[in-house]
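J.: Kindly generate the corresponding structure for this input.
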Amino acid sequence: MTFDTLGLKPEILSALEKRGYKIATPIQAQAIPAIMQGKDVLGGAQTGTGKTAAFALPILNRLSDNTKRSKYPRALVITPTRELADQVAESFRTYGGNLKLVSVKIYGGVKINPQISTLKNGSDIIIATPGRLLDHLNQKTINLNNVEVLVLDEADRMLDMGFINDIRKIMKYLPQKRQNLLFSATYSKEIKVLADGVLKNPVSIEVSRRNTAAEKVEQVVHHVRKDQRKEMLAHLIQDGGWYQTLVFVKMKHGANRLAQQLNKMGIPSAAIHGDKSQGARTRALNDFKKGDIQALIATDVAARGLQIDNLDFVVNYDLPQVPEDYVHRIGRTGRAGKSGKAISLVYPEDRKQLERIERLLKHSIDVRKVDGFEVLPYSERVKSLESGAGKSRRKPLSEEIKVKPDKKRYLTNKNRSNNPRSNSNNNRGRRR
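T.: Numbering: from 1, shown residues only. The predicted structure is shown next:
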């Protein structure tokens, strides 16, 4: 289905055409007409399927009916993370570029006073994280009495992050009569309870089987000893010539440590997590998109909202604590119908967590060996340790991934020393 058959206004269609968007994705084709009819919607779709446009386009179409500058927002989008708020705000600006509508994003990690000044100038659309939105509501620097449309984006992640009480408090500031849209990549009993409390006679739209990963993401498991994961990761990146690798870890301090270790091994890296300032997170993400760093090490705070064009590789250095987060992590690749690869480094103590993920997916994940990193049975590992045997020498991967000729020079110079001091590009990556 093409966008020009959905009843969108010419100004919006022109903005879409400028970006080369002509065909609506399944979630867009089903959600846009329902939203434009004023119905509440419960939308379920895999991450990377165009979910943001599915609600942004009809909201822009609705608000553009009234061209009078609004002092108070008429649409509110609540997201779980700053990165997702940035992405959603950028989508509203892009699709509404030909409309006289003002969108404002508000989230923590930055000073609140500039946000207060911006809000005083008036806004049509607010994109906010729950905590900072409550700060503004408590300080009475924002008025939600005129909100016509409420969107809860990535609702499952908001519940995982403990925002349910904040959401309930925010609801008290909203008018009773409004349109409600709830989108989630995974469903759970908690999501159903939230939906029942927010939505009124919703249209349920589910374009894929629940809790599934994108079909074009190739999923692979490499079994490895816990103390060899760092070496295996470096081996995969360097021997495979991987450009832009997004690596997920469990803990914030683990992200910092791994980034430092990879930098010392000649792989320009940076960490991104909740303890980083918003400025540091934005710089790291921008450097990653530009190719100034080769590996971005992230906690699950970055699993939602990171939009990186043509990201080929996602690595689970640690498996997620919550199986549903696996779907969101690997959804950073294989977006918009493109292919991608998700690699999980699984050590023996984490096998049960892998089984939980496979039960959620309802299929097993392909296991492949990496020469030089075989995991011995427990009895043989004990004998190996007792005999003082050293680590196996690594062998090249059987399937080497060629580097595109337009990528960064440091990715193609495989004969350089592993000493970061010997390479100017590495020095530059470390200073960042």
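J.: How far does stretch 289-302 sit from its chain's centre?
T.: Distance of stretch 289-302 from the chain centroid (C-alpha atoms, centre = their mean, to the nearest Å) equals 11 Å.
J.: Quick check: Arg93 touching Lys105?
T.: No - with contacts counted by C-beta atoms under 8 Å, Arg93 stays clear of Lys105, the gap being 9.8 Å. The C-beta positions use only the backbone N, C-alpha and C, and glycine is treated the same way.
J.: To what extent is the nearest residue to Val322 once chain neighbours are set aside buried, counted in neighbours?
T.: Spatially, and ignoring its direct neighbours in sequence, Val322 is nearest to Asp160 (6.1 Å; C-beta to C-beta, 6 or more residues apart in numbering). Residues lying near Asp160 (other C-beta atoms under 10 Å) number 22.
J.: Can you read off the pLDDT for Asp160?
T.: pLDDT for Asp160: 74.
J.: Ok, Val110 next?
T.: So, for Val110, pLDDT stands at 88.
J.: repeat for His273
T.: His273 is assigned 85 on the pLDDT scale.
J.: okay but it is in contact with Thr299, surely?
T.: Yes - if you go by C-beta under 8 Å, His273 and Thr299 touch, sitting 4.2 Å apart.
J.: Mind listing the shared neighbours of those two?
T.: 252, 255 (C-beta atoms under 8 Å, 6 or more residues apart in numbering).
J.: Is Asp292 in contact with Ala284, as I believe?
T.: No - between Asp292 and Ala284 there is no contact under C-beta under 8 Å: 9.7 Å.
J.: which one of those two has more residues nearby?
T.: Comparing Asp292 with Ala284 by neighbour count (other C-beta under 10 Å), the higher total belongs to Ala284, at 24 against 17.
J.: Next up, the contacts around the closest residue to the more buried one other than its chain neighbours.
T.: Nearest residue to Ala284, sequence neighbours excluded (C-beta to C-beta, 6+ apart): Ala270, at 4.1 Å. By C-beta under 8 Å, 6+ apart, the contact set of Ala270 is 259, 284, 287-288, 293, 295-297, 432.
J.: one more time with 6 Å, if that's ok
T.: Residues in contact with Ala270 (C-beta atoms under 6 Å, 6 or more residues apart in numbering) are 259, 284, 293.
J.: What mean pLDDT does the stretch of helix or strand the second one belongs to get?
T.: Secondary structure assigned from DSSP states H and E places Ala284 in helix 278-290. Mean per-residue pLDDT for helix 278-290: 85.
J.: Sort out which residues of the helix or strand following that helix are buried, please.
T.: Following helix 278-290 in sequence order, the next helix or strand is strand 295-298 (DSSP H and E). For strand 295-298, a neighbour-count test (16 or more other C-beta atoms under 10 Å) marks 295-298 as buried.
J.: Now render these as JSON lines, adding distance to Gln30 and pLDDT.
T.: Shown next, in JSON lines, are the buried residues of strand 295-298 (distance: C-beta to C-beta, whole Å; pLDDT from 0 to 100):
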{"residue": "Ala295", "distance to Gln30": "37", "pLDDT": "93"}
{"residue": "Leu296", "distance to Gln30": "33", "pLDDT": "93"}
{"residue": "Ile297", "distance to Gln30": "37", "pLDDT": "94"}
{"residue": "Ala298", "distance to Gln30": "31", "pLDDT": "90"}
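J.: number of nearby residues for Arg74?
T.: Arg74: 20 surrounding residues under other C-beta under 10 Å.
J.: From what I see, it and Val149 are in contact.
T.: No - the criterion here is C-beta atoms under 6 Å, and Arg74 misses it with Val149 at 7.2 Å.
J.: And the pLDDT for the residue nearest to Ala284?
T.: Model confidence at Ala270 (pLDDT) stands at 93.
J.: Confirm that it sits in a strand.
T.: Yes - applying DSSP: H, G, I helix; E, B strand; the rest coil, one finds Ala270 inside a strand.
J.: and it, how far is that from Ala259?
T.: The gap separating Ala270 from Ala259 is 6 Å, by C-beta to C-beta, to the nearest Å.
J.: How about Val203?
T.: 44 Å.
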